[in-house]
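Asks: sequence and predicted structure below; questions after.
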Amino acid sequence: MVYQQIFHQDTRGRGTYEISADVNRIIHDSGVITGFCQVFVHHTSASLTLCENADPSVRQDLESFMARLVIDGDPMFCHTQEGNDDMSAHIRSILTNMDLCIPITNGRGALGTWQGIYLWEHRTRPHRRRISVTVYGE
Amino acid sequence: MVYQQIFHQDTRGRGTYEISADVNRIIHDSGVITGFCQVFVHHTSASLTLCENADPSVRQDLESFMARLVIDGDPMFCHTQEGNDDMSAHIRSILTNMDLCIPITNGRGALGTWQGIYLWEHRTRPHRRRISVTVYGE
Amino acid sequence: MVYQQIFHQDTRGRGTYEISADVNRIIHDSGVITGFCQVFVHHTSASLTLCENADPSVRQDLESFMARLVIDGDPMFCHTQEGNDDMSAHIRSILTNMDLCIPITNGRGALGTWQGIYLWEHRTRPHRRRISVTVYGE
C-alpha cells in the first residue's frame, strides 16, 4: 500500500514549526497500521528535523547554536544575491536534512515520548513550504 | 512485505555502539531478499550513524570533533536542567540523525566494506535506548 | 513493487557531482508511478546531499564552509594513515549523510524546482563510488 499527500506550511520566517499533527493525520488517512512514512520538503532553504517537543528553550538554543555555526552574511560567501540569509539557509538545510523517515506502529507515527517533527524555516522572511508525505505499509 | 521489530541497546554513556549485527538479524528474520530497512531511534539525545568500522580511532576522532563543535555547558544554552550534556546532546543528535535507511540485497543490509551502523549515545550517563527496524521488500 | 539498481560515479576528487539524471533514469526503468526511492552510497568518505542546482556558487560556498568547519590535517586527529583528508572525509560524510529518500510522483523523483541530488566526494583524489537506488511503489 502506497499513499501520498502534499500539504503546505506557511512560515513567519526563521524558526521551527511543529508538523507532527499534519503527518499523523496523513498516516491516519492512509489506513496503514504497520509501516513507515517518508516526509520530504521540496526546498533547499528549509529542512526537517526531529526535536525535543516539551521545552521550547531547546528550539531556541538550537536556533542560537545554528546561527553561530553558520553566520548570515559570512564574508566567505559568494552566493549572496537574495541577501545575508541566502547561503546560510542552504547550508543550514544541508546540515540538518530535507528528508525524514518515521516508522508507523499501531496506525500512528511511532515517535518517542519527547520527539516532535519540525519544519525548520531558515530564511528570515515568511515563506510557503511544500511538504510531501508518502506512507507505506499494511 | 512489511516486518517490524523493536530492540533496546544499553549504553555505558557517551560513545558509539555498533548495532549492525542486530539490524542484520532482524533483516534475516524478515525473510526479505531485496528491499530496504529503516532504522529509527526513539529519543532526542541519541542518534544513528554510518561510520568506518575497521579502525576505532575514527570513532574517537569523531567524538573529539563533535565535543569541540558542540560544547557541553556552553554559556549560550538556556536548556540546562538535566546538566551540561543536556542541550549539547540534542544538538549532536540533530546534526547527525535519528533515522537511517539501508538497502537490502541478497537478504542482507548492503553496507559498504567499511560501513558499520552505530547508535551514538550523546548523554554522559548510561541509558537504555529503544530502536525500531522496519523492513520492506520481497 | 521493489526495484533495485546499482551504478558507479567516477569522481575527479573533492567536490559535488550531480546524479539527479541517474536516479531519474532508474525510477523510469522501475515503472513506479507513485512511491519513493532510497539512494545509498556504500562508502564512509563520500556522501549524498540535496542542494540548490541553479547557481554553481552555492556548491562552491558549501565546499568552503565545510573545509573551514572540518579542517584537513587537524592536529586533533589520530586517524591519519591515508593523509590529511582521511579523517575529515569521514566527518564530512557523517555531518551530511550516506542515505537519502526521495518521493516519486507521476513517475519521477518529486524534487523541488531548485533541488538536485549530489554525490559529495570528500577525498581529494579521484575515486569510483558505488551508489544503489531502491525504488518502491505502484
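Replies: Perfect, thanks for sending it.
Asks: wait, residue A:8 touches residue A:128, no?
Replies: Yes. Look at residue A:8 against residue A:128 with Cβ atoms under 8 Å: they come within range, at 5.4 Å. To be clear about C-beta, it is placed using only N, CA and C from the backbone, and glycine gets the same treatment.
Asks: contacting residues around stretch A:91-98?
Replies: Counting by Cβ atoms under 8 Å, 6 or more residues apart in numbering or on different chains, the neighbours of stretch A:91-98 from elsewhere in the structure are A:40-41, A:43-49, A:66, A:69-70, A:120, A:122, B:94-95, B:97, C:49-51, C:61-62, C:65, C:95-97, C:115.
Asks: name the element residue A:131 belongs to?
Replies: strand A:128-137 (DSSP states H and E).
Asks: sorry, back to before: buried among the contacts of stretch A:91-98? Make that a PyMOL selection.
Replies: For the buried members of the contacts of stretch A:91-98, the matching PyMOL selection, counting by 16 or more other Cβ atoms under 10 Å in any protein chain shown, is:
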select buried, (chain A and resi 40+41+43+44+45+46+47+48+49+66+69+70+120+122) or (chain B and resi 94+95+97) or (chain C and resi 49+50+51+61+62+65+95+96+97+115)
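Asks: so what touches the helix or strand containing residue A:67?
Replies: Of the helices and strands defined by DSSP H and E, residue A:67 is found in helix A:56-69. Residues lying outside helix A:56-69 but in contact with it, judged by Cβ under 8 Å, 6+ apart, are A:14-16, A:51-52, A:92, A:95, A:118, B:69-70, B:74, B:76-79, B:87, B:90-91, B:94, C:69.
Asks: give me the average confidence score over it.
Replies: Averaged over helix A:56-69, pLDDT sits at 98.
Asks: cool, and stretch A:7-24?
Replies: In this model, stretch A:7-24 has an average pLDDT of 98.
Asks: now stretch A:12-28: buried residues?
Replies: Residues of stretch A:12-28 classed as buried by neighbour count (16+ other Cβ under 10 Å): A:14, A:16-17, A:19-20, A:22-24, A:26-27.
Asks: got the residues of chain A near chain C?
Replies: With Cβ under 8 Å from any Cβ of the partner chain as the criterion, chain A meets chain C at residues A:2, A:4, A:38, A:40-45, A:69-70, A:74, A:76-79, A:81, A:87, A:90-91, A:93-95, A:97-99, A:101, A:130, A:132, A:134, A:136.
Asks: and the pLDDT for the residue of chain A most remote from its centre?
Replies: Among the residues of chain A, the one whose C-alpha is farthest from the average of all C-alpha positions is residue A:75, by Cα atoms, centre = their mean at 27.6 Å. For residue A:75, the model assigns a pLDDT of 97.
Asks: look up how far residue B:4 lies from it.
Replies: In this view, residue A:75 and residue B:4 are 50 Å apart by Cβ to Cβ, to the nearest Å.
Asks: same check, this time on residue A:133
Replies: 19 Å.
Asks: the two - which one has more neighbours?
Replies: For residue A:133 and residue B:4, the more surrounded residue by other Cβ atoms under 10 Å in any protein chain shown is residue A:133, and the numbers stand at 27 against 21.
Asks: contacting residues for the more buried one?
Replies: By Cβ under 8 Å, 6+ apart, the residues touching residue A:133 are A:4-7, A:22-23, A:26-27, A:37-40.
Asks: in space, what's closest to the residue nearest to the spatial centre of chain A - neighbours in sequence excluded?
Replies: What sits nearest the mean C-alpha location of chain A, by Cα atoms, centre = their mean, is residue A:48, with 2.1 Å. In space, and not counting its chain neighbours, residue A:48 is closest to residue A:100: 4.4 Å by Cβ to Cβ, 6 or more residues apart in numbering or on different chains.
Asks: who does the one you found bridge with?
Replies: According to DSSP bridges, the residues that bridge with residue A:100 are residue A:39.
Asks: counting neighbours, what do you get for it?
Replies: The burial metric for residue A:100, expressed as a neighbour count using other Cβ under 10 Å, is 24.
Asks: look up how far residue A:51 lies from it.
Replies: Here the criterion is Cβ to Cβ. By it, residue A:100 lies 11 Å from residue A:51.
Asks: identify the residues contacting the residue farthest from the centre of chain A.
Replies: By Cβ under 8 Å, 6+ apart, residue A:75 lies in contact with nothing.
Asks: and it, how far from residue C:67?
Replies: Note on residue A:75: its distance to residue C:67, by Cβ to Cβ, is 15 Å.
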